[in-house]
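>>> Got a predicted structure plus its sequence, pasted below:
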Amino acid sequence: MKFETPATTNPIDRLKVIGQPIHRIDGELKTTGRAMYAYEWHDPNTPYAYGYPVGAAIAKGRINAMDVTAAKSAPGVLAVVTTLDVGKRKKGKFNTANLFGGDEVQHYHQAIAVVVAETFEEARAAAALVKADYAEERGTFDLSAERRAAKKPDESQEPDTAVGDFEAAFRSASVTLDQSYTTPDQSHAMMEPHASIAAWNGDEVTVWTSSQMIDWWRSDLATTLGVDKGKIHLMSPFIGGGFGGKLFLRADAVLAAFGAKAANRPVKVALPRPFVINNTTHRPATIQRIRIGAERNGKITAIAHESWSGDLPGGGLETAVNQTRLLYAGANRMTAMRLVTLDLPEGNAMRAPGEAPGLMALEIAIDEMAERVGMDPIEFRIVNDTQVDPEKPERPFSHRDLIGCLKLGADRFGWSNRPKVGSRREGDWLIGMGVAAAFRNNLVLPSGARVKLDRQGVVTVETDMTDIGTGSYTIIAQTAAEMMGVGIDKVAVQLGDSRFPVSAGSGGQFGANSSTSGVYAACIKLRDAIAQKLGFNSGDAVFENGIVRSGNRSVPLAEAAGPGGLVGEDTMEWGDLAKTHQQSTFGAHFVEVGVDVATGETRIRRMLTVCAAGRILNPITARSQVIGAMTMGAGGALSEELAVDTRRGFFVNHDLAGYEVPVHADIPHQEVVFMAETDPMSSPMKAKGVGELGLCGVAAAITNAIYNATGVRVRHYPITLDKLIGGLPDVA
Amino acid sequence: MRAFTYERASSVEAAAKAAASNPEAKFIAGGTNLLDLMKLEIETPTHLIDVNGLGLDKIEATPEGGLRIGALVRNTDLAAHETVRRDYGLLSRALVAGASGQLRNRATTAGNLLQRTRCPYFYDPNQPCNKRQPGSGCSAIGGFSRQHAVVGVSDACIATHPSDMAIAMRALDATVETVKADGSRRAIPIADFHRLPGDTPHIETVLERGEFITAVLLPSPVGGKHIYRKVRDRASYAFALVSIGAIIHPDGTGRVAVGGIAHKPWRVEAAEAELPKGARAAARGILADARPTEQNRFKVDLVERALGAVLSEARG
Amino acid sequence: MQDPIQLELSRRDLLISSAATVAVTGVAGSAAAQSAGKQMAYVTKVNFTVNGERRELDVDNRTTLLDALREHLHLTGTKKGCDHGQCGACTVMVDGRRINSCLTLAVMHDGDEVTTIEGLGQPGNLHPMQAAFVKHDGFQCGYCTPGQICSSVAVLEEIKANIPSHVTGDLNSPAQLTAAEVRERMSGNICRCGAYSNILDAISEVGGITA
């Protein structure tokens, strides 16, 4: 099915199951420890062996030689496979750095060997015995030092846009702002480390792994191993978080496959936590310069956003200016992104790539600008709202209710009580409130599904879609239940298996809308098959309460299925509605913080996020996505930073003690409101993504609240106490 | 983790003797730091002596009016002990400011004192570190040093001692009671127990090989207001950037030990005389000869400000 | 929902064994070493009770309690998130107290009683805390969840037992069950999906905190 024209009324609009607050159907498995993640697959008849990775001890250079004699003769060792043994491999399409193979070291902790042994303890001990002799080369590791050497990347990355005459408009503006902001490298830090089990059967390999994108992994694993894609069976039914860190094939799967081949045994490999941060990918740091010019009435006349980020050779931009192309009006505008070559680990997508760091900067700048023109920051945003793509005014937004989010949020949060800067104090706490807009583009990808109806009337959905905590199992079951007119207890959902139709996968907040649309398409096929079998006109057949009706005939679905059952399979594909209409999601974040007047410690007291993101398929799981994103934003604002050692070229704080993500005590009660809306341009589901929207702008709202509390404006994340205490009142 | 043999010690003396007879043996109690380090082969004992069954888990009143805390008393139990809460509130507060509930349920009194630094370079076996590999150099100097020490540092090491409990013990003038391999016992004042890094940052305490901590003694209560103020980026489950352990009397006199700034719990008795004059005067003395890095210079201000907050709380 | 893994296994017609004794195969280097005149080995026999069931294992001395549960007893509900005591995903109860099972050796638990997430409740027969987590959506990816739930159950007991916390106001009066207390005490369990606000709601319901 191809979605080419805006959706009209369809069975989803019945909202008997879709849109209802249904608890996760995988909830009992997860809360009882029965949900099995990649490393946990256990077949009692299979003699699993354990693989333990070895990482490069340098950031850049070549491996002259490796000595595995001691490792090979260590107790229990079955095989040692080195990067020299397997030689240079063809790289997967989605990988920037090599995962394994060849003598080149491109970054710290790049995998250089896997040691396979009978037990985990033996493999770990033997891995420490692997020796490598390196020819170390000089690398570049410091974004700010290399900024002058930045280059314009190729046009496919859309580095530059310009409309009107920014420079002239900025020069003649009544009120101007010209500031620089920085965001640090960040880590996904999902709770389940990357893990895989590989088992060969002849030239076929089955891999249980932790992947957001089954088909991408399968293709790239085939390329990396040099085997036919059809010989690879990938399974990823439960994923312990991803946030973009499991979008692309990772070393654990490759090491498990090579290790299993060498040991002639199924092999389990998990990346040890202290290894994850430098071995895998991260969100790249940015330096951003924002210039805004406005008239006295607050109307923006000129806006420019430039960003510098780094990556390995062949890598890409952190697209931090993207939202600035779309979020606010202004006749004269320019954006530009430049790329620096850095020999740090691979930079790549982390939740809301581009917008997350971009809004961390832009939404501080907007707050600063509002203050300069003497307007409330909400009013300033409303004055500069646009209902069309400001770079291409002939392109309207499909639906845009940023103003509604800001107004509703202001009312709910008590924004009118916002104190004057640095004026509210409760005991040792300076109290402030902040706001920021949330914005994230709505993407869609092709997504397939197979839906089966059996003679018990049970509907089974099969798709290689993944559930990384997003609620895919549940919303897919809801979609199938709604479409087929059955209760959710009559639906079974099977995900994350490469034998199933290829789906959108989980990423870019495209998963929920795309994958349920794929299920919608497959259900339409199944409905047609049922109608056809019964001799019904599929146009007027009604599927309701486990029965299909047409005219005065009605047949239970179980009976319709017959002994052989019926199947519908299809893939949702997308027309050009996303080209003719800008599809985005919107929101507003409200935060109240307390800053300790003596120590500068910031603690969040209240958080509210209002989202306008199309139809909400399940308010429980959608809300969880948003509170989770708000929490990640709190970490990004206050503590998360991968510390770069610019001499040795690696992230120093490479574990969960050093890289501080928020804990329970950091997070207050969080409130989420969804605007009641649908977007018929987005899909037959009329839904849009929400999982990344919730992150976009949170950190800036916190930073703006800190400014409101203290009068100290910090433009360099994270906003740690050392950046505040110099501006706080004397307490000694 | 290297392979090791394992025994459950039957007595304190046997434990000390077993340790002395094997230079590569280690005692294991809670294990919350030792196993962490063994997994990374930063610690590589070939033999572990499990001392959990030695019955050293009692808290008893001493004839001098103080407390004798068994070496194996878990952090949770020490923090929850009625007398500790009443008379040594600083200790209770410091304990519950550290780690997590799970870790405090395992971590022991002696083990807490023997924690090793959390310097990330110490934790990464690929990086030079004089503490891990004497003579290899200090990566933190000139590197990522936001968490590191500002006083008592050397050119060989700027690591901090991570314990919260030890800060309270220092302010309370605790004594560490040990048994040596030859069976002799000694009492080490907490002030002398931990060493500054100097040229030998790998030697962190004055304990001899095989010497075994049996108890920590607290003198009789000193009264005053007990305040432990831990400053950190996240609200919980994080090591201190700076912590202040203070006992302040109504007349403004008192004692202060500071965490997060040195290779040992940091207390400058001479500076305590300045406490009645306020935080600035006292902090000046506490931080005399501070040698911060570019990244941790803020700790100098932070100590003064946190101490200011503590003194104001004590007055309030 | 049916467990797709179990479905897959049954499809392949395999038996799920629940052998009470699992011997570690191939522990080479079980050669004896000499210390203090006693014969000692790299492998030790350990007996403990897990979820009410007696278990006997010959474990490599290096095996953590976590790996004994996961790799030897196939109780994979207890998760390995960091293996260094920095996340809390491996939280289990030993003799009624919650600990990080990654930072303790199996051999140190001879005679102990271990309770894991599997021992709290099962699908169809949930522990009230498990049910509350489902009701309040106190999880997303589910990987930290068993640890969160074990901790939650223990936290309520710790407050009842009058164990103080970092946010306890007066050390000399009984510990109170409040939202702030729960947040502080749960802070050793990291949830990167960010379900904290919902987890608090779940614990509040079971513990009886009225907001």
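Sure thing, it's come through.
>>> measure the residue nearest to the spatial centre of chain C to residue C:80 for me?
By CA atoms, centre = their mean, chain C has its centre lying nearest to residue C:92, at 2.3 Å. Separation of residue C:92 from residue C:80 (CB to CB, to the nearest Å): 12 Å. Where C-beta positions appear, they are placed from N, C-alpha and C, glycine not excepted.
>>> for residue B:53, same thing?
27 Å.
>>> Looking at the two, which is more packed in?
More crowded of residue B:53 and residue C:80, by other CB atoms under 10 Å in any protein chain shown: residue C:80, with 30 against 15.
>>> Can you name the residues that contact the more buried one?
A:39, A:193, A:270, C:66-67, C:70, C:89-90, C:102 (CB atoms under 8 Å, 6 or more residues apart in numbering or on different chains).
>>> Tell me the one among those nearest to residue A:233.
residue A:39 (17.3 Å; CB to CB).
>>> Show the contacting residues for the closest one.
Residue A:39 neighbours (CB under 8 Å, 6+ apart): A:195-197, A:208, A:268, A:270, C:76, C:80.
>>> In chain A, what residue lies closest to chain C?
Nearest to chain C in chain A, going by CB to the nearest CB, is residue A:33, at a distance of 1.8 Å.
>>> doesn't residue C:117 make contact with that residue?
Yes: in this structure, residue A:33 is within contact of residue C:117 by CB atoms under 8 Å, at 3.8 Å.
>>> Is the closest residue in space to residue A:24 that isn't next to it in sequence in a helix, a strand, or coil?
Sequence neighbours aside, residue A:474 is the residue nearest to residue A:24 in space, at 4.9 Å (criterion: CB to CB, 6 or more residues apart in numbering or on different chains). What DSSP: H, G, I helix; E, B strand; the rest coil gives for residue A:474 is helix.
>>> before we move on, what about residue A:659?
Secondary structure of residue A:659, per three-state DSSP, is coil.
>>> Phi and psi next, for the residue in the stretch 451-600 of chain A that chain B sits nearest to.
Across the stretch 451-600 of chain A, the shortest distance to chain B (CB to the nearest CB) belongs to residue A:598, at 3.7 Å. Dihedral angles of residue A:598 (phi, psi; degrees, to the nearest 10) stand at phi -90, psi -50.
>>> and stretch A:582-599, how far from the chain's centre?
What separates the centre of stretch A:582-599 from the centre of its chain is 20 Å, taken as CA atoms, centre = their mean, to the nearest Å.
>>> Same check on stretch C:179-192?
That offset, for stretch C:179-192, works out to 16 Å (CA atoms, centre = their mean).
>>> And for stretch A:267-277?
For stretch A:267-277, the distance to the chain centre is 21 Å (CA atoms, centre = their mean).
>>> ok, is that stretch in contact with chain C or not?
Yes: using CB under 8 Å from any CB of the partner chain, stretch A:267-277 reaches chain C at A:270, A:272-274.
>>> Let me know the closest of these to residue B:256.
residue A:274 (35.3 Å).
>>> tell me the contacts of the residue in chain C that chain A sits nearest to?
Nearest to chain A, among the residues of chain C, is residue C:77, at 1.8 Å (CB to the nearest CB). By CB under 8 Å, 6+ apart, the residues touching residue C:77 are A:32-34, C:116-118, C:146.
>>> Out of the residues you listed, which two sit at the greatest distance?
So, those by CB to CB: farthest apart are A:34 and C:116, at 11.8 Å.
>>> Who has more neighbours out of these two?
Using other CB under 10 Å as the criterion, residue A:34 and residue C:116 rank with residue C:116 on top: 25 against 21.
>>> Check what pLDDT that one gets.
pLDDT, residue C:116: 98.
>>> wait, what's in contact with it?
Going by CB under 8 Å, 6+ apart, residue C:116 touches A:33, C:50-51, C:69, C:75, C:77-78, C:92-93, C:146, C:150.
>>> how close does it get to residue A:363?
Distance, residue C:116 to residue A:363, by CB to CB: 44 Å.
>>> that older thread, will you turn the residues of stretch A:267-277 next to chain C into JSON lines that also has neighbour count?
Below are the residues of stretch A:267-277 next to chain C laid out as JSON lines (neighbours: other CB atoms under 10 Å in any protein chain shown):
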{"residue": "A:270", "neighbour count": "26"}
{"residue": "A:272", "neighbour count": "20"}
{"residue": "A:273", "neighbour count": "23"}
{"residue": "A:274", "neighbour count": "26"}
